[in-house]
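Q: 3D, please:
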Amino acid sequence: MGWVAQAALDSRLEAIVRRDRRVVAASLGAVIALAWIYLWLAAGSMNSMQVAAMPDMPDMPDMPMPGTAPDLSLVSLLLTFLMWTVMMIGMMLPSAAPTILLYAVMVRKNGARGTVLPGAWVFVSGYLAAWTGFSLVAALLQVALEAATLLTPMMVSASRGLSAAILLAAGIYQWLPIKDACLRKCQAPVQFFVARWRAGAAGAFRMGVESGLYCLGCCGVLMLLLFVAGVMNLLWVAVIAGFVLLEKLLPAGRIVSRAAGLVLIVAGVALLVRP
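A: The predicted model follows:
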């Protein structure tokens, strides 16, 4: 009757794994929801300040105001960095969820066999560390663009040339071999863990960082489109996040990626030649 006991043990383990997956998924969902709530409140606050600053002016396109200088203080930089960090959490965690959930399953199943693996939060911390580094670069870039008056007060590109360059760069990147390589890693978490496995807490964190870097290589250039659509334009933030999710999860993700690249290239060229 040993097989009966083994079957019962396997059934109990599967039930625990399913429960753990639900817990991890719920935790990720809560973090993502909090990130989007923060972005919604921040966008609303920014819009309110813009209206209060120009209460008597008629509706007009956002333009840099003559004689006004951007806030280049350390506090401003830190707030910009925080905004980008929270935005990347809200945008990237949904598409990373399959990899994170797979790692959580491995933690539980190895624990049942007597092998203790670091918790999923260690892997997630490494993943977010990679995107936190990107957020710092994006914040510094935003401050530089503001200093050069290339962004409007609503954090939208004020330069047709800048907008076209970003569109063309993002579109061309969708066709490059490095995009293909990174997208394949993001689409195949099982192969990623087989090839990149590291033991211990430091190893789990490093795997998280490497997973984040592959996602960064896959999607980082797309995030620069926010300078064209509006850094705090939540509709476009959601559109880009949704595209990243589809690109990684759909079997035809590579086709979707290249099609989007063509659209971006056409948009960039059209912006350049428009009278």
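
Q: the nearest residue to residue 200 once chain neighbours are set aside: neighbour count?
A: In space, and not counting its chain neighbours, residue 200 is closest to residue 118: 6.9 Å by CB to CB, 6 or more residues apart in numbering. Glycine gets a C-beta too; all of them are placed from N, C-alpha and C. Neighbourhood size, residue 118 [other CB atoms under 10 Å]: 21.

Q: in three-state terms, label residue 118 for me.
A: Three-state call for residue 118 (DSSP: H, G, I helix; E, B strand; the rest coil): coil.

Q: so it sits against residue 201, correct?
A: Yes. If you go by CB atoms under 8 Å, residue 118 and residue 201 touch, sitting 4.4 Å apart.

Q: ok so, going back, contacts only, for the residue nearest to residue 200.
A: 107, 200-201, 203-205 (CB atoms under 8 Å, 6 or more residues apart in numbering).

Q: mind redoing it with 10 Å?
A: Applying CB atoms under 10 Å, 6 or more residues apart in numbering, we find residue 118 in contact with 103, 107, 125-126, 198-205, 207-208.

Q: quick one on the thing from earlier: common neighbours of residue 118 and residue 201, please.
A: Residues within reach of residue 118 and of residue 201 at once, by CB under 10 Å, 6+ apart, are 125-126.

Q: about what we covered before: which one (most neighbours) among the contacts of residue 118?
A: residue 208 (27 neighbours).

Q: ok, and the closest non-adjacent residue to that one?
A: Closest residue to residue 208 apart from its sequence neighbours, by CB to CB, 6+ apart: residue 126 at 2.3 Å.

Q: list phi and psi for the one you found.
A: The phi/psi pair for residue 126 (degrees, to the nearest 10) reads phi -60, psi -40.

Q: tell me who's in contact with it.
A: 118, 198, 201-213.

Q: let's see that with 7 Å instead.
A: Residue 126 is in contact with 204-209, 212, counting by CB atoms under 7 Å, 6 or more residues apart in numbering.

Q: with respect to pLDDT, which of those residues ranks lowest?
A: Minimum pLDDT for the contacts of residue 126 is recorded at residue 204 (93).

Q: element containing that one?
A: helix 200-223 (DSSP states H and E).

Q: restricting to C-alpha, output that helix in CSV.
A: The C-alpha trace of helix 200-223 is given here as CSV (Å, rounded to 0.1, in the frame of the first residue of the first chain):
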residue,chain,number,x,y,z
GLY,A,200,21.5,30.2,-1.7
ALA,A,201,19.9,33.6,-0.9
ALA,A,202,22.6,35.4,-2.8
GLY,A,203,22.0,33.1,-5.8
ALA,A,204,18.2,33.7,-5.7
PHE,A,205,18.8,37.5,-5.6
ARG,A,206,21.2,37.2,-8.5
MET,A,207,18.8,35.2,-10.5
GLY,A,208,16.2,37.9,-9.8
VAL,A,209,18.6,40.5,-11.0
GLU,A,210,19.4,38.5,-14.2
SER,A,211,15.7,38.0,-14.9
GLY,A,212,15.1,41.7,-14.4
LEU,A,213,18.0,42.5,-16.8
TYR,A,214,16.6,40.3,-19.5
CYS,A,215,13.2,42.0,-19.1
LEU,A,216,15.0,45.4,-19.2
GLY,A,217,16.7,44.3,-22.4
CYS,A,218,13.4,43.3,-23.8
CYS,A,219,11.3,46.3,-22.7
GLY,A,220,13.5,49.1,-21.4
VAL,A,221,13.6,51.1,-24.7
LEU,A,222,9.7,50.9,-24.9
MET,A,223,9.6,52.7,-21.5
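
Q: cool, thanks, talk later.
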